[in-house]
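*Asks:* Next one to model:
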Amino acid sequence: QMQLEESGGGLVQTGESLNISCVISGRSVNSARTMAWFRQVSGKDREFVARIDWLGGVPWYGDSRKGRFSISRDYVQKTLTLQMSNLESEDTAVYYCAATANRLALREPEKYDYWGRGTPVAVSS
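*Replies:* I've put the predicted structure just below:
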């Protein structure tokens, strides 16, 4: 199994930056091949943000990020990070870390087997 725990969320002002992190643990951690960030606003579907190849570190982003978000991972420390800059009120959501052994997983939430509990990000204008 694999456990994911997010941290770093909080309240920021429009235009500010925030980094959120996810620590991965558990006996199945070495089987992970794709890690991702999703976000969700209450009452709406979970939205893909970014994913990264866990071994090679190659990132891939959702269409609406416009270069403001950057996903990275530390394979040794088993940590996933999302750097968010120039935040907008529309970025307000709960951000979730997700993992799968499927190295071809992209933006579909159903392709990910493991999820964290989420960390809330609120952007105030």
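*Asks:* pull the helix or strand with minimum mean pLDDT from the protein.
*Replies:* When each helix and strand of the chain is scored by mean pLDDT, DSSP states H and E, strand 59-61 comes last, with a mean of 91.
*Asks:* now for it, which elements pack on it?
*Replies:* The helices and strands touching strand 59-61, judged by 3 or more CB pairs under 8 Å, 6 or more residues apart in numbering; DSSP states H and E, are strand 47-53, strand 69-74. Using the backbone N, CA and C atoms, a C-beta is placed for each residue, glycine as well.
*Asks:* got JSON lines for these, with mean neighbour count and mean pLDDT too?
*Replies:* Conversion of these to JSON lines gives the following (neighbours: other CB atoms under 10 Å; pLDDT from 0 to 100):
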{"stretch": "strand 47-53", "mean neighbour count": "20", "mean pLDDT": "95"}
{"stretch": "strand 69-74", "mean neighbour count": "17", "mean pLDDT": "96"}
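*Asks:* quick one, what contacts the nearest residue to residue 97 once chain neighbours are set aside?
*Replies:* Excluding its sequence neighbours, the residue lying closest to residue 97 (CB to CB, 6 or more residues apart in numbering) is residue 22, at 3.3 Å. Residues near residue 22 by CB atoms under 8 Å, 6 or more residues apart in numbering: 4-7, 35, 37, 79-81, 97, 116.
*Asks:* just residue 35 next, same as before
*Replies:* By CB under 8 Å, 6+ apart, the residues touching residue 35 are 22, 24, 51-52, 54, 73, 80, 97-99.
*Asks:* switch the cut-off to 10 Å
*Replies:* Residues in contact with residue 35 (CB atoms under 10 Å, 6 or more residues apart in numbering) are 4, 22, 24, 50-54, 71, 73, 78-80, 97-100, 105, 112, 114.
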